[in-house]
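In: prediction below, plus the sequence it came from.
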Amino acid sequence: MNVNHMIAALADYGIEKGLCETVDRGFVINSLLAILRLSAYEEPESKEKADLQTILSFLCDDAYARGVIEENTVAYRDLFDTALMGALLPRPSSVNRRFFELYKDSPRAATDYFYALCCDSDYIRTYRVARDMKWTYDSPYGTLDITINLSKPEKDVKAIAAAKKMAQSGYPKCLLCHENEGYAGSLRSPARQNLRQIPLPFENGTWYLQYSPYVYYNEHCIVLDASHTPMKITGDTFRRALEFVSLLPHYFVGSNADLPIVGGSILTHDHMQGGHYTFAMERAPIEKEISFGGFEDVKAGIVRWPMSVIRLRGKDRERLASLAEKILDAWRAYTDEEAFVFAETDGEKHNTITPIARRRGDDFELDLVLRNNITTEEHPIGLYHPHAERHHIKKENIGLIEVMGLAVLPARLKDELKDVAEALLTGKDLSEKESTALHADWALDIQGRYTLTEDNVMDILKQEVGKVFAEVLEDAGVYKCTKEGREAMLRFVRSVG
């Protein structure tokens, strides 16, 4: 097959997937020629079928061979093949029109269409997502999801060096800005010609719905503010989240907290994350029913979960939002020295909330996860954060996704777990290699509790990783799942009224 075969195959792929129409074929081919810097094209006599990954890989190889791509690395190839895919896609206006046409019949049909578009357009690189390692762990709190993220490419050395030489443009201001839609990207920012967003006309301003390119769970979406404003949990956050699940009742939505350590990785742009997935926390039952004065119509309870969760449920979403705002205001100002909860120290605020909204039939449900980012000499990066003895597995922030029971673990663990398994089976000194020395104490403890064989060692290590994640969630819980912890949490509940 030659380059003409692959150009034709890519145009035909776009038509087959509904990204463009048959009448667009000649225009699409000319657009592809411009990106490929080719001035001539000859329609091949025979049609050649190839999957999208093969087509794009061939065209990137050809472009590099002709000097169109500067370096044959992931960063440069991703910029180039995204431009190719952008040539196949309809304008945002067409995508929006189709989404809302389908929405009239069914919100589910609308998101099904939009999610398929994002996969077919290679915005979600499904072949990379398929590399992620995934398994489950049956914890005392329910079945937790464990993933090792392998889909997000690491920047290569050449791309990093080249990016340092580039002038900072300040456009788009961040990876979540609406201006990313259609952006060609650079070595500093990913290409987004194949990104499409759906405007959601919330009562308090327009936000946009898009999907995450690194889907950690089914239909992992991002809902972002049209303006570049910092993360801030307020009463409007709860109202917006409940409005979202009113618009898309088959999705949940939640927000990272708005403080460092307990917040997400991007605090500079207000956004939420959602999707069509049931997490362990959603399945967790109410451990103790509670009530709040003046809100007897709202069912409330403490959730049996390693983190500190108050669940609200009712049919009137404004009543839920009003009570949630009251709880937030109380928590922001709450100090309980006996429980080592401090609203602030030295002028630094510590208390905030991670909220999650969903539908339960006709009811609205809102989970409020109490967070605190205080640090101590013993725990300098956070008392309610993964403790040092668990950093070999998880050191990063415990954000929204982890809060709900899905571990997003670093890619390094894939090879490190293999090295640990080999060392345990062969008797190698775990301290010899950096990849195993990090896990030495943990691995030796496992060795003392199991009879390890070639057939079972990886399964055992995976289950032990799951156990560590459950402990990480316990670390991150402000109030522990103990008699003393629950009594302290009830002291806060009573302080709300």
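Out: Nice, thanks for sending it over.
In: alpha carbons only for contacts and neighbour counts from here, please
Out: OK.
In: strands of the stretch 351-497 of the chain, start to end?
Out: With DSSP state E, counting those that start in this stretch as the criterion, the stretch 351-497 of the chain has strands at 351-360, 363-372, 406-409.
In: and these as JSON lines, adding distance to Val298 and mean pLDDT?
Out: Converted to JSON lines, those look like this (distance: least, Cα to Cα, whole Å; pLDDT from 0 to 100):
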{"stretch": "strand 351-360", "distance to Val298": "14", "mean pLDDT": "98"}
{"stretch": "strand 363-372", "distance to Val298": "10", "mean pLDDT": "98"}
{"stretch": "strand 406-409", "distance to Val298": "28", "mean pLDDT": "96"}
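In: and the ones you listed: which comes nearest Phe202?
Out: Between Phe202 and those, the tightest spacing by Cα to Cα is seen for strand 351-360, at 15.5 Å.
In: show me what counts as buried in the closest one.
Out: For strand 351-360, a neighbour-count test (16 or more other Cα atoms under 10 Å) marks 351-359 as buried.
In: what pLDDT does the closest residue to Met307 other than its chain neighbours get?
Out: Of all residues not flanking Met307 in the chain, Gly477 sits nearest, at 3.8 Å (Cα to Cα, 6 or more residues apart in numbering). Gly477 carries a pLDDT score of 98 in this model.
In: which stretches in the stretch 51-200 of the chain count as helices?
Out: 52-65, 74-86, 92-105, 107-120, 126-129, 157-165 (DSSP state H, counting those that start in this stretch).
In: of all those, which lies closest to Val253?
Out: Closest among these, using Cα to Cα: helix 107-120, at 14.2 Å.
In: which parts of that closest one are buried?
Out: Using 16+ other Cα under 10 Å as the test for burial, helix 107-120 gives 107-111, 114-115, 117-118, 120.
In: so what does that helix touch, helix or strand wise?
Out: Judged by 3 or more Cα pairs under 8 Å, 6 or more residues apart in numbering; DSSP states H and E, helix 107-120 is in contact with helix 92-105.
In: can you show me the CA trace of the helix it packs on as PDB?
Out: What follows is helix 92-105, C-alpha atoms only, in PDB (Å, rounded to 0.1, in the frame of the first residue of the first chain):
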ATOM      1  CA  PRO A  92     -18.700  22.300  16.400                       C
ATOM      2  CA  SER A  93     -22.100  23.900  15.300                       C
ATOM      3  CA  SER A  94     -23.000  20.700  13.500                       C
ATOM      4  CA  VAL A  95     -22.000  18.500  16.400                       C
ATOM      5  CA  ASN A  96     -24.000  20.700  18.800                       C
ATOM      6  CA  ARG A  97     -27.100  20.600  16.500                       C
ATOM      7  CA  ARG A  98     -27.000  16.800  16.300                       C
ATOM      8  CA  PHE A  99     -26.500  16.400  20.000                       C
ATOM      9  CA  PHE A 100     -29.600  18.500  20.900                       C
ATOM     10  CA  GLU A 101     -31.700  16.900  18.200                       C
ATOM     11  CA  LEU A 102     -31.000  13.600  19.800                       C
ATOM     12  CA  TYR A 103     -31.500  15.000  23.300                       C
ATOM     13  CA  LYS A 104     -35.100  15.900  22.500                       C
ATOM     14  CA  ASP A 105     -35.800  12.100  22.300                       C
END
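In: mean confidence (pLDDT) on it, please.
Out: Per-residue pLDDT values over helix 92-105 give a mean of 98.
In: go on, stretch 244-256?
Out: Rounded mean pLDDT across stretch 244-256 is 98.
In: and what of stretch 15-24?
Out: 97.
In: how far off centre is that stretch?
Out: Put simply, stretch 15-24 sits 31 Å off its chain's centre (Cα atoms, centre = their mean, to the nearest Å).
In: with stretch 410-424 instead?
Out: For stretch 410-424, the distance to the chain centre is 24 Å (Cα atoms, centre = their mean).
In: now that stretch: buried residues?
Out: 411, 413, 416-424.
In: next one: stretch 442-458
Out: By neighbour count, with 16+ other Cα under 10 Å as the criterion, the buried positions of stretch 442-458 are 442-443, 446, 452, 457-458.
In: stretch 259-278 now?
Out: 259-264, 266-267, 269-276.
In: endpoints of it, how far apart?
Out: 26 Å (Cα to Cα, to the nearest Å).
In: closest to Asn30 among the buried residues of stretch 442-458?
Out: Distance to Asn30, by Cα to Cα, is smallest for Met458 among the buried residues of stretch 442-458, at 50.7 Å.
In: I figured the closest one hits Ala421, correct?
Out: Yes: the pair Met458 / Ala421 is scored as a contact, 6.6 Å apart, by Cα atoms under 8 Å.
In: and His379, how far from His391?
Out: 12 Å.
In: same question for Ala110.
Out: Distance, Ala110 to His391, by Cα to Cα: 41 Å.
In: right, and Pro410 touches Lys152 too?
Out: No: the criterion here is Cα under 8 Å, and Pro410 misses it with Lys152 at 10.3 Å.
In: what strand or helix carries the spatially closest residue to Phe295 that is not a sequence neighbour?
Out: Excluding the flanking residues, the one nearest Phe295 by Cα to Cα, 6+ apart is Leu323, at 7.1 Å. In this assignment (DSSP states H and E), Leu323 forms part of helix 317-332.
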